[in-house]
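[1] Got a predicted structure here, sequence first:
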Amino acid sequence: MNNDNTPVLTVNGLVKRYGAIEVLKSIDLDLVKGDILGIIGPSGSGKSTLIRCLNMMETPTEGTIKLQGKKLSDKFKSSKNEIGVGELRRKVGMVFQHFNLYPHKTVLGNITMGPKVVGKKSEQEANEYAHDLLGQVGLSDKADAYPSHLSGGQKQRVAIARALAMKPDIMLFDEVTSALDPELVGEVLQVIKKLADEGMTMALVTHEMAFAAEIANRVIFLDGGVIAESGTPDQGLINPESERLKTFLSRFHG
Ligand code: ADP
Ligand code: MG
């Protein structure tokens, strides 16, 4: 699904340490517009840390990350050469394993908060777009519901709509279906698939191997903080080269 070669995200020599523990060891990565990167790997391999660094929720110890050619900084404000965290949050949408919806706000309130507070949109404009997004995630009838009255799959679809409300240039997903009951996984994957089909650039940490193979145009296998393998889904997933990846994948085949 590569639309063109416009770089969206460029990672060079990314290292993340917590004290003496090196969690990411010199990661290099390039995402162009329309890329759908699947990130797989065993628990503790650094997948979440990588995703969190891409959004500056964790500050890299070494290396650079660029969004659309501009270096990310950990300051709030952007400068001529650097993107600050404020701008970054508007350009990068993120959805986590746990929904993190505001329990005291309605579905509509959750979705419109960012656009109103950060995006300075009018109430009417924010509401209209939120209704539009709710239609896209199949929840038009839930605008006035509170999160506690929704199923896990519905909450996660609201979380996706909330991230989309800022009109991000890239979406990051970190195991967004792994806390869901199995029967609710499909409805969330379907929403992500639709986004992918529409050309959204995304990086997606997932244990849903068949799904990763279906939608991703590139897959990386993280192991011990390094990219142990990368390729297209058929190179990387169906014909793994390393024993580690073979062993890892064998757990997902009946
Ligand atoms: P994954 O998402 O692949 O399961 P993580 O990125 O969550 O892996 O974690 C990678 C490693 O980094 C783990 O060993 C974890 O314990 C460690 N780690 C993550 N966050 C912190 C932190 N804030 N402080 C210390 N160690 C951490
Ligand atoms: Mg994780």
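    Alright, I've got the coordinates. Ligands and ions are numbered 1, 2, ... in the order given.

[2] Give me the buried positions along stretch 80-93.
    82-85, 87-93 (16 or more other CB atoms under 10 Å). (Each C-beta comes from the backbone N, C-alpha and C, glycine too.)

[3] Then stretch 31-50?
    31-41, 45-50.

[4] Same question for stretch 201-221.
    201-206, 208-209, 211-213, 215-216, 218-221.

[5] Could you do stretch 95-108 as well?
    95-97, 99, 101, 106-108.

[6] for those residues, which one is nearest ligand 2?
    Gln97 (7.4 Å; CB to the ion).

[7] A strand includes that closest one, no?
    No: looking at Gln97 with DSSP: H, G, I helix; E, B strand; the rest coil, it is coil, so not inside a strand.

[8] Count the residues that sit near the residue nearest to it when sequence neighbours are not counted.
    Spatial nearest neighbour of Gln97, excluding adjacent residues (CB to CB, 6 or more residues apart in numbering): Glu175 at 4.6 Å. Glu175 has 19 neighbouring residues, counting by other CB atoms under 10 Å.

[9] residues touching Glu175, list them.
    47-48, 96-97, 205-207 (CB atoms under 8 Å, 6 or more residues apart in numbering).

[10] rerun at 10 Å
    39, 47-48, 51, 95-98, 204-208 (CB atoms under 10 Å, 6 or more residues apart in numbering).

[11] again, but for Gly44
    Going by CB under 10 Å, 6+ apart, the list of residues near Gly44 reads 23, 222-225.

[12] Run through the stretch 1-150 of the chain and note the low-pLDDT ranges.
    Filtered on pLDDT under 70, the stretch 1-150 of the chain yields the residue ranges 1-4.

[13] measure whatever residue of it ends up closest to ligand 2 to Leu54 for me?
    Ligand 2 sits closest to Ser48 of the stretch 1-150 of the chain, with a gap of 3.2 Å, by CB to the ion. Separation of Ser48 from Leu54 (CB to CB, to the nearest Å): 11 Å.

[14] Can you get me the start-to-end distance on stretch 117-126?
    One end of stretch 117-126 sits 10 Å from the other (CA to CA, to the nearest Å).

[15] Please spell out which residues along it are buried.
    Buried, per 16+ other CB under 10 Å, within stretch 117-126: 119, 121, 126.

[16] element containing the closest residue to Phe221 other than its chain neighbours, please.
    Once flanking residues are discounted, Phe221 sits nearest to Glu229: 4.3 Å by CB to CB, 6+ apart. Following DSSP states H and E, one finds Glu229 within strand 226-231.

[17] does ligand 1 sit close to that strand?
    No: judged by CB under 6 Å from any ligand atom, strand 226-231 makes no contact with ligand 1; its nearest approach is 12.1 Å.

[18] Show residues contacting the helix or strand following that strand.
    Proceeding N to C from strand 226-231, the next assigned helix or strand is helix 233, under DSSP H and E. For helix 233, contacts defined as CB under 10 Å, 6+ apart pick out 36, 38, 209-210, 212-219.

[19] So which of the buried residues of stretch 95-108 is the closest to Leu184?
    Checking the buried residues of stretch 95-108 against Leu184 by CB to CB gives Phe99 as the nearest, at 12.0 Å.
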